[in-house]
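S.K.: Here's a sequence, model it:
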Amino acid sequence: MPQNTATAARNQEIRAWADTNATTTYGATYRAEFTASNCTAAIGLSTTTVANILRGRDLNPPPSMSNRSSRRRALAGSASRALGDSRRFGVEIEFLGIARTRVEAALRSGDLPSGWSVKSDLSVHGGSGYGLELVSPPLRGEDGIDSVRRACRWLRENGASVNSSCGLHVHHEARDLGAPGIARVARIYTDHQELLNWLVSPSRRGGASGTTFAQPMARRDIEFTESHLPSLVAHTRYLAVNVNSYGRHGTVELRQHQGTLNTQKVEAWIRLGQGLCDAAAEQTRVSETGLRGLLQRLRVDEDAAAFLLGRALQFNAPSSAVGS
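M.R.: Okay, the predicted model is just below:
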């Protein structure tokens, strides 16, 4: 049966990435990790499920909170939690392609959600000049997710774009964590950095040009932070986990995700970060060797976890594993 256009394009992109990166450290690693014989251990899915995902049958399930299928439960596991209202979050969406005055007009008119703001961002560049950053107010729960959806939709519909200089930054309220809890967030993230790398573009992984403002935390960064408790500082805020935001905003900021206007990607990243902070608050022991196990341990919502697993395979599968 012939592929539909979207599946064919996706598979071609996966093949191209694998072929381009085959001789690099990451390319060679991911080619080895996603062979049929060990993909179950590496990512926590059966080889049949992996093959189905790569053929587009289960990739990127819709984020419906009211229509979860048994297939998505099988992908993500059942021990998930809904996004609660207790821990607020905020997003910073970097983008290009729209004049600042136009965004400001949309904020005044109510076309963009109430409370959001826009500012220039000199780290974002390309095309006709430097970019912008759309910043949310503190948001809560599913109403907050709806606000993010509305903002992303407006940006897409009005010509915004992203490139490799753009990032998605999410702040998670951390007053309940205190300095020791924030340090636990950073340690959990760093201990699972290689797994979390699977969820982001290769340009946002250690050593790539896109990580200038979101460097992975090294062991020495964790030790530096822990040694300065309770003041909670790091030598720079430009890390995948920015602990310096605690002193300024009472938050921990996750900075590694690439720029995107895709609501599913933003929502899934928010839910992952919320699970990470909740695990740190509850002092949950997190020591996982597979991505599926990590998402389950963090009790990430079923739909978001299934989406993230699909993204991991989409980014990292070797061309030999992609179905025709």
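S.K.: CA only for contacts and neighbour counts going forward, please
M.R.: Noted.
S.K.: Now for E282, how many residues are close by?
M.R.: Neighbour count of E282, defined by other Cα atoms under 10 Å: 10.
S.K.: That one and H192, how far apart?
M.R.: Distance, E282 to H192, using Cα to Cα, to the nearest Å: 18 Å.
S.K.: Helices of the stretch 201-324 of the chain, start to end?
M.R.: For the stretch 201-324 of the chain, the helices defined by DSSP state H, counting those that start in this stretch occupy 219-227, 245-249, 263-281, 291-297, 302-316.
S.K.: Mind putting the ones you listed into a markdown table with mean pLDDT and distance to G97?
M.R.: Formatted as a markdown table, the helices of the stretch 201-324 of the chain follow (pLDDT from 0 to 100; distance: least, Cα to Cα, whole Å):
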| stretch | mean pLDDT | distance to G97 |
| --- | --- | --- |
| helix 219-227 | 66 | 36 |
| helix 245-249 | 83 | 28 |
| helix 263-281 | 95 | 18 |
| helix 291-297 | 90 | 34 |
| helix 302-316 | 83 | 26 |
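S.K.: Show me which strand runs longest in the protein.
M.R.: Ranked by number of residues, the top strand in the chain under DSSP state E is strand 117-126.
S.K.: Run through who's touching that strand.
M.R.: Contact with strand 117-126 is made by 94-96, 100, 103-104, 107, 130-137, 163, 165-166, as judged by Cα atoms under 8 Å, 6 or more residues apart in numbering.
S.K.: Can you give me the distance of H169 to A105?
M.R.: For H169, the distance to A105 (Cα to Cα) stands at 24 Å.
S.K.: What is the neighbour count of G84?
M.R.: G84 has 11 nearby residues by other Cα under 10 Å.
S.K.: hang on, it packs against L139?
M.R.: No - between G84 and L139 there is no contact under Cα atoms under 8 Å: 11.1 Å.
S.K.: circling back: and the contacts of strand 117-126, which of them are buried?
M.R.: 94-96, 100, 103, 107, 131-137, 163, 165-166 (16 or more other Cα atoms under 10 Å).
S.K.: Mind checking which of the residues you listed land in helices?
M.R.: 100, 103, 107 (DSSP state H).
S.K.: Make sure the last one is actually in contact with P113.
M.R.: Translated: L107. Yes - contact status for L107 versus P113: in contact at 7.0 Å, counting by Cα under 8 Å.
S.K.: thinking again about what came up before, out of the helices of the stretch 201-324 of the chain, deepest packed?
M.R.: helix 302-316 (a mean of 24; mean count of other Cα atoms under 10 Å).
S.K.: Can you name every helix or strand that it contacts?
M.R.: Packing partners of helix 302-316 (3 or more Cα pairs under 8 Å, 6 or more residues apart in numbering; DSSP states H and E): helix 5-20, helix 47-54, helix 70-76, helix 263-281, helix 291-297.
S.K.: and the angle from the fourth one to helix 302-316?
M.R.: Put simply, helix 263-281 runs at 110 degrees to helix 302-316, going by axes from the mean of the first three to the mean of the last three Cα atoms, to 10 degrees.
S.K.: so E253 makes contact with S245?
M.R.: Yes - using Cα under 8 Å, E253 is in contact with S245, at 6.5 Å.
S.K.: Common neighbours of those two, please.
M.R.: By Cα under 8 Å, 6+ apart, no residue touches both E253 and S245.
S.K.: lowest average confidence, helix or strand, in the protein?
M.R.: helix 25-33 (a mean of 40; mean pLDDT, DSSP states H and E).
S.K.: List the contacts of D176.
M.R.: By Cα under 8 Å, 6+ apart, D176 lies in contact with A281.
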